[in-house]
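>>> for reference, the sequence and a predicted model appear below.
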Amino acid sequence: MTKIVIVGCGIVGAMIAYELSLIPLLDITVIEQQKPASGSTGAALGVLMGVISGKTKGRAWKLRENSLKRYESLISELESQTGIKIPVNRQGIVKLVFAGDNLEKWQKLQQTRQDKGWELAIWSREYLSRQCPQIQDERIIAAVYSPQDRQINPKILTEALVTAATQNGVKFQFGVTVQDYQNQVLLTSEGVLELDYLVIAAGLGSTPLTTFLQQTLDLRPVLGQATRFKLENNFGLGDFQPVITGNDVHLVPLGNQEYWLGATVEFPNEAGEVIPETELLEAVKQEAIAFCPILAEATILETWSGKRPRPQGQAAPVIGKLTGYDNIILATGHYRNGVLLAPATALEVKSMIC
């Protein structure tokens with residue numbers, strides 16, 4: 001039995017555990033110092049901006065493409081095995097194009113995607129008004145519609161991954177911290193774990209883990225704030241409720257006339273601290289009201305925030321072996337794309353181990 005220990009049980013760690021659990025003769029243990037999806041996963045909106053992203057080649061696009069393909073089979077796979085209903089919005093993403101934006105860029109992307117078998121549609125301002133009558137902003141000149149992109153509830157998805165992996169024999173230890181690593185032995189607050197492979201998928205917690213391995217990975221926290229609100233009625237067409245995004249502000253339908261709105265992007269100060277700024281969240285709200293005026297009538301139900309792990313000095317995410325180690329794999333630093341890239345990350349880790 002090949003012994004594998006995964007540190008971190010956000011969506012990335014849980015996804016890796018599940019994918020590896022499909023391989024026979026692996027002894028897999030996941031340790032997490034808190035509970036599943038308690039870090040950046042728990043604060044994510046779960047918007048899978050893959051086809052509609054500007055990435056067209058290389059690693060950045062391949063990760064997105066592989067993730068989108070895996071998601072199409074993964075959800076039904078997990079629901080069938082666990083009985084957990086995973087909320088997924090399959091009505092796509094509508095991206096608003098404003099005056100001054102480069103519409104030709106989107107037309108080129110549309111052709112690029114079509115050549116690869118992916119669909120993008122360019123909507124006129126008039127067609128957007130018919131499909132999404134709640135959008136009313138003189139600055140808008142067009143919209144890009146991506147029917148194959150998705151939005152998913154990251155907390156419930158992580159729950160389903162943990163449940164399925166457990167059913168497949170993976171052991172999970174929550175409330176456990178790492179204390180040291182020597183000679184393929186991990187010392188934790190609950191005892192000793194022998195291992196053949198160590199996978200570090202701990203988000204911002206990956207930095208202290210790599211520090212005691214003498215290879216510090218520099219991840220910086222970037223804060224995101226979001227709100228959940230409710231309207232008296234669904235806005236727009238009742239049977240067409242896609243994610244709507246404009247100027248990096250996302251409106252995410254949840255059903256029952258509830259929506260998520262987010263998110264801010266707040267960088268650390270000179271002391272390395274990142275503190276939620278209420279005025280930045282208010283600016284996100286006002287931008288959303290500018291293109292969707294009915295939001296001014298919304299009732300705010302809750303506000304929350306989370307810190308995303310952003311690599312310093314290298315591209316996100318960080319996937320690969322830790323320098324100087326053949327058996328320690330990094331799968332972290334996904335910044336704002338942890339939910340989107342989790343399946344492709346897990347498949348890469350799987351290929352490295354197998």
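Perfect, I can see it now. Numbering: from 1, shown residues only.
>>> which one in this protein is furthest away from the centre?
Relative to the centre of the chain, and counting by C-alpha atoms, centre = their mean, the farthest-placed residue is N183 at 33.4 Å.
>>> distance of that one relative to Y18?
According to C-beta to C-beta, to the nearest Å, N183 and Y18 sit 29 Å apart. No exception for glycine: its C-beta is placed from N, CA and C like everyone else's.
>>> check G203 too.
18 Å.
>>> ranges for the helices of this protein?
11-21, 58-82, 103-115, 125-131, 154-167, 206-211, 278-291, 338-353 (DSSP state H).
>>> tell me the contacts of G324?
Q214, Q215 (C-beta atoms under 8 Å, 6 or more residues apart in numbering).
>>> what values do phi and psi take at it?
phi 90, psi 0 (degrees, to the nearest 10).
>>> any idea how far it is from A288?
47 Å.
>>> and if you look at E19?
For E19, the distance to A288 - C-beta to C-beta - is 36 Å.
>>> what of R150?
R150 is 21 Å from A288, by C-beta to C-beta.
>>> swap in I353?
I353 is 43 Å from A288, by C-beta to C-beta.
>>> between the two, who's got more neighbours?
A288 (24 against 18; other C-beta atoms under 10 Å).
>>> and the more buried one, what does it touch?
With C-beta under 8 Å, 6+ apart, A288 has these contacts: G246, V249, L251, L261, L295.
>>> with L26 instead?
With C-beta under 8 Å, 6+ apart, L26 has these contacts: M1, T2, I4, L20, I353.
>>> tell me the pLDDT of it.
Looking at L26, its pLDDT stands at 97.
>>> ok, what's across the strand from it?
T2 (DSSP bridges).
>>> single out the most deeply packed of the helices of the chain.
When these are scored by mean count of other C-beta atoms under 10 Å, the highest mean neighbour count falls to helix 11-21 (a mean of 28).
>>> for that one, name the packing helices and strands.
Packing contacts for helix 11-21, counted by 3 or more C-beta pairs under 8 Å, 6 or more residues apart in numbering; DSSP states H and E, involve strand 2-7, strand 26-32, helix 154-167, strand 328-332, helix 338-353.
>>> how far does it sit from the chain's center?
14 Å (C-alpha atoms, centre = their mean, to the nearest Å).
>>> same question for it, mean pLDDT?
Rounded mean pLDDT across helix 11-21 is 98.
>>> how big is the angle separating that helix from helix 58-82?
70 degrees (axes from the mean of the first three to the mean of the last three C-alpha atoms, to 10 degrees).
>>> got the domain boundaries for the chain?
2-86+153-218+312-353, 93-147+221-311 (automatic domain parsing).
>>> so how far is the first residue of the shortest one from its last?
End-to-end distance for domain 93-147+221-311: 27 Å, by C-alpha to C-alpha, to the nearest Å.
>>> average model confidence for that domain?
Averaging pLDDT along domain 93-147+221-311 yields 95.
>>> neighbours around K85, how many?
What K85 shows, counting by other C-beta under 10 Å, is a neighbour count of 11.
>>> ok, now which ones touch it?
Here K85 is in contact with E79, I156 (C-beta under 8 Å, 6+ apart).
>>> and it, how far is that from F172?
For K85 relative to F172 (C-beta to C-beta), the value is 21 Å.
>>> show me the contacts of A288 that map onto strands.
Judged by DSSP state E, these include G246, V249, L251, L261 as members of strands.
>>> how about these in JSON lines, adding distance to Y71 and neighbour count?
JSON lines is the format used below for the ones in strands among the contacts of A288 (distance: C-beta to C-beta, whole Å; neighbours: other C-beta atoms under 10 Å):
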{"residue": "G246", "distance to Y71": "24", "neighbour count": "22"}
{"residue": "V249", "distance to Y71": "24", "neighbour count": "22"}
{"residue": "L251", "distance to Y71": "21", "neighbour count": "27"}
{"residue": "L261", "distance to Y71": "24", "neighbour count": "25"}
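>>> just give me the closest of these to E77.
Minimum distance to E77 across the ones in strands among the contacts of A288 is 29.1 Å, recorded for L251 (C-beta to C-beta).
>>> need the contact list for H250.
Counting by C-beta under 8 Å, 6+ apart, H250 has contacts L45, V47, V243, I244, W260, L261, G262, A263.
>>> go again with 7 Å.
L45, V47, V243, G262 (C-beta atoms under 7 Å, 6 or more residues apart in numbering).
>>> just the buried ones from the residues you listed?
When these are checked for burial by 16 or more other C-beta atoms under 10 Å, the buried set is L45, V47, V243, G262.
>>> any idea how far A288 is from the last one?
Pointing back at G262 there. 9 Å.
>>> and what of T29?
Relative to A288, and taking C-beta to C-beta, T29 is found at 43 Å.
>>> ok, now R125?
19 Å.
>>> same question, T211
Distance from T211 to A288, by C-beta to C-beta: 40 Å.
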